[in-house]
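K.L.:
sequence-free structure coming up:
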């Protein structure tokens with residue numbers, strides 16, 4: 001992601017139903033993203049009882065959880081949160097690519113917008129900057145979710 005995120009358009013999240021799937025791997029960083037997403041959704045008017053949060057072991061499990069949320073909860077939008085940090089092997093690349101493809105496949109198959117909130121970082125410092133630092137990706141994910149939920153509702157009329 002670039003540091004040049006689109007300007008947030010004012011939105012009312014009051015009619016939105018939002019589901020969030022969050023990984024437990026790298027939990028302190030994912031928890032920071034989750035807190036930002038929930039705070040931004042609430043600030044956007046989404047009532048607490050219209051936000052569902054489920055936890056999964058790691059980022060690789062996110063596409064399955066998102067698919068189940070789409071089928072069972074029928075949300076307007078889903079946000080998938082995870083953090084994958086480079087280790088000594090290419091495993092982080094494989095996980096990042098597989099998760100991105102899986103989330104896109106679920107979105108296209110279900111017609112529910114899925115916000116890919118999985119941070120793939122070269123090192124812990126990059127991940128920290130995006131999750132708990134000045135970049136605040138969680139808030140960006142929430143704003144994207146509200147915008148996509150509104151677009152879906154508008155195009156469904």
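P.N.:
Thanks, I have it. None of these values were measured; they are calculated from a predicted model.
K.L.:
Run through the helices of this protein in chain order.
P.N.:
For the chain, helices defined by DSSP state H occupy the ranges 27-43, 62-73, 91-110, 124-131, 137-156.
K.L.:
Let's have those helices in CSV, adding distance to residue 16.
P.N.:
C-beta coordinates here come from the backbone N, C-alpha and C atoms, glycine included. Listed next are the helices of the chain as CSV, based on distance: least, Cβ to Cβ, whole Å:
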stretch, distance to residue 16
helix 27-43, 8
helix 62-73, 12
helix 91-110, 16
helix 124-131, 24
helix 137-156, 5
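K.L.:
Tell me which of those helices lies nearest to residue 117.
P.N.:
Between residue 117 and these, the tightest spacing by Cβ to Cβ is seen for helix 137-156, at 4.1 Å.
K.L.:
Phi, psi for the residue lying farthest from the centre of the chain please.
P.N.:
Note on the chain: the largest C-alpha distance from the chain mean falls to residue 88, namely 26.2 Å (Cα atoms, centre = their mean). In terms of degrees, to the nearest 10, the main-chain angles of residue 88 are phi -80, psi -10.
K.L.:
do the same with residue 122
P.N.:
Dihedral angles (degrees, to the nearest 10) for residue 122: phi -70, psi -30.
K.L.:
what number of residues lie near it?
P.N.:
Using other Cβ atoms under 10 Å, residue 122 has 10 neighbouring residues.
K.L.:
how close does it sit to residue 108?
P.N.:
Residue 122 sits 29 Å away from residue 108, going by Cβ to Cβ, to the nearest Å.
K.L.:
do the same with residue 148
P.N.:
Look at residue 148 and residue 108: by Cβ to Cβ, they are 13 Å apart.
K.L.:
So between these two, which is more surrounded?
P.N.:
Neighbours were counted for residue 148 and for residue 108 using other Cβ under 10 Å; residue 148 has more, 20 against 10.
K.L.:
How about that one, nearest residue that isn't a chain neighbour?
P.N.:
residue 113 (3.7 Å; Cβ to Cβ, 6 or more residues apart in numbering).
K.L.:
can you count the residues close to that neighbour?
P.N.:
Counted by other Cβ under 10 Å, the residues lying close to residue 113 total 19.
K.L.:
check contacts around it.
P.N.:
By Cβ atoms under 8 Å, 6 or more residues apart in numbering, the residues touching residue 113 are 76-78, 107, 145, 148-149, 151-152.
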